[in-house]
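Q: Give me a 3D structure for the following:
(2 chains)
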Amino acid sequence: DVKVTQSSRYLVKRTGEKVFLECVQDMDHENMFWYRQDPGLGLRLIYFSYDVKMKEKGDIPEGYSVSREKKERFSLILESASTNQTSMYLCASSLEDGPDEQFFGPGTRLTVL
Amino acid sequence: QKEVEQDPGPLSVPEGAIVSLNCTYSNSAFQYFMWYRQYSRKGPELLMYTYSSGNKEDGRFTAQVDKSSKYISLFIRDSQPSDSATYLCAMSASKAAGNKLTFGGGTRVLVKP
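A: Take a look at the predicted model:
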């Protein structure tokens, strides 16, 4: 079974703090993704990576950065957290050659006070 | 206007009824179509995957794609309380590097015993 794990299920941070969200997948997938999910807006792509050290901006990259130093790990960084970054963050991975199916982690509910 | 539109619901049906869900989209380049199911406090999981137009059936689930109308549907027959979840449609234009998906906002479904 594909497993995508995220470092925290719930996180509370203060405005201005630097926040790290970690994601690890165990199926040797090339592609990894970070989304945020908000009521009524669905899943919106923040960043994705199709190889180690490669990253591409998604639809809403402002205020975020990412790091992929190893194939299995993809980190999302909020340099200076703001209240409008309060959201559910979902990590996903997929194979490069194959169906488009993305496998999701359980999500991290981030609250910025 | 969003690229993919989906009624947020909630859609409440009695057990055993047929659940009908749909999405409309504007990008005629989309050719891979997916339905994800997301239980509360969990990440989405792939339910159905179709390429181009046509129907696909898997047990109690049927997915339909009408590219001429830019409209996709998911039907759940003999609905069960365990089908209560949020259903997200997703689509992509190509299998290019990264396999980016565009998601609808999700429809919340409640099946009452």
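Q: Now do the contacts for residue 71.
A: No chain was given, so I picked chain A. Applying CB atoms under 8 Å, 6 or more residues apart in numbering or on different chains, one finds that residue A:71 lies in contact with A:28, A:30, A:52. Quick note: C-beta positions are derived from backbone N, CA and C, even for glycine.
Q: let's do chain B instead
A: Going by CB under 8 Å, 6+ apart, the list of residues near residue B:71 reads B:22, B:23, B:24, B:25.
Q: The second one pairs with what?
A: To tie it back to what came earlier, the one meant is residue B:23. residue B:6, residue B:72 (DSSP bridges).
Q: Could you give the bridge partners of the closest residue to residue B:49 other than its chain neighbours?
A: Across the structure, with CB to CB, 6 or more residues apart in numbering or on different chains as the measure, the residue nearest residue B:49 apart from its sequence neighbours is residue B:34 (5.1 Å). On the basis of DSSP bridges, residue B:34 is bridged to residue B:49, residue B:90.
Q: who touches residue B:34 in this structure?
A: Residues counted as contacts of residue B:34 (CB under 8 Å, 6+ apart) are A:100, A:101, B:46, B:47, B:48, B:49, B:50, B:89, B:90, B:91, B:101.
Q: ranges for the strands of chain A?
A: Chain-ordered strands for chain A, with DSSP state E as the definition, fall at A:4-6, A:10-13, A:19-25, A:31-38, A:42-49, A:56-57, A:65-70, A:73-78, A:87-94, A:103-104, A:108-112.
Q: can I get the ones you listed in CSV with mean neighbour count, distance to chain B and mean pLDDT?
A: Rendered in CSV, the data for the strands of chain A read as follows (neighbours: other CB atoms under 10 Å in any protein chain shown; distance: least, CB to the nearest CB, whole Å; pLDDT from 0 to 100):
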stretch, mean neighbour count, distance to chain B, mean pLDDT
strand A:4-6, 18, 7, 95
strand A:10-13, 14, 10, 96
strand A:19-25, 19, 11, 97
strand A:31-38, 24, 6, 94
strand A:42-49, 22, 4, 92
strand A:56-57, 14, 6, 92
strand A:65-70, 15, 12, 96
strand A:73-78, 20, 13, 97
strand A:87-94, 24, 5, 95
strand A:103-104, 22, 3, 92
strand A:108-112, 18, 8, 97
